[in-house]
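[1] Sequence below, structure please.
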Amino acid sequence: MAMGMVSSGRRRGRGGKRAPMAEINVTPLVDVMLVLLIIFMVTAPLLTAGVPIDLPDSRANPLDNEAQQVTISIDEQGFVYIDQQRIEVGGLEQALADLPRTGEGTDITLRADRGLDYGRVMAVMGELNRAGLNRISLVTNGSSVEP
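    Next up, the predicted model:
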């Protein structure tokens, strides 16, 4: 017969005390981390640029992701923006003079729409040069377009 069975709900050993549960349920933690990963993957591309520009394609190797201090954008109408703030026509020279300067020079990231006239982009680059801002990175879309 079943004389050795104890139905009192207590475990045997250590004087009849309950043993601590040594397992951790990580399923909720994994679920939360996956949701956060999806949120960051969706929102990260939206945070890269404030001025909508159709960038040209290039096969150039990307530069190291250094903290760029100033982003200058030229939209399809030819308007110039410094970090999402539109610069009035004729006010670029003064706006560039007001930029904060660092020891090695301010890093400039230039974003220009692919439909722009080459002369417009060169005019902005000329103003950057006149203002003493010579550390310029041109932003493009990565592509496998053959020349």
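[2] Could you check the pLDDT of the spatially closest residue to Ile74 that is not a sequence neighbour?
    Among residues not flanking Ile74 along the chain, Ala112 sits closest, at 4.4 Å (C-beta to C-beta, 6 or more residues apart in numbering). For every residue, glycine as well, the C-beta is placed using N, CA and C. pLDDT recorded at Ala112 is 88.
[3] Isn't Ala112 up against Glu76?
    No: in this structure, Ala112 is not within contact of Glu76 by C-beta atoms under 8 Å, at 9.5 Å.
[4] ok, these two, which is more surrounded?
    Ala112 (25 against 13; other C-beta atoms under 10 Å).
[5] how about Tyr110, secondary structure?
    Not Tyr; residue 110 is Leu. strand (DSSP: H, G, I helix; E, B strand; the rest coil).
[6] Give me the neighbour count for it.
    Neighbour tally, Leu110, other C-beta under 10 Å: 18.
[7] And the strands in this protein, which stretches?
    Using DSSP state E, the strands of the chain run over 57-58, 70-74, 80-82, 85-87, 107-112, 135-138, 141-142.
[8] between these, which one is nearest to Pro28?
    Among the strands of the chain, the nearest to Pro28 by C-beta to C-beta is strand 141-142 (37.6 Å).
[9] Give me the distance between the residue nearest to Ile74 and Ser73.
    According to C-beta to C-beta, to the nearest Å, Ala112 and Ser73 sit 7 Å apart.
[10] list the residues that contact both of these two?
    Contact criterion C-beta atoms under 8 Å, 6 or more residues apart in numbering; residues shared by Ala112 and Ser73: Ile53.
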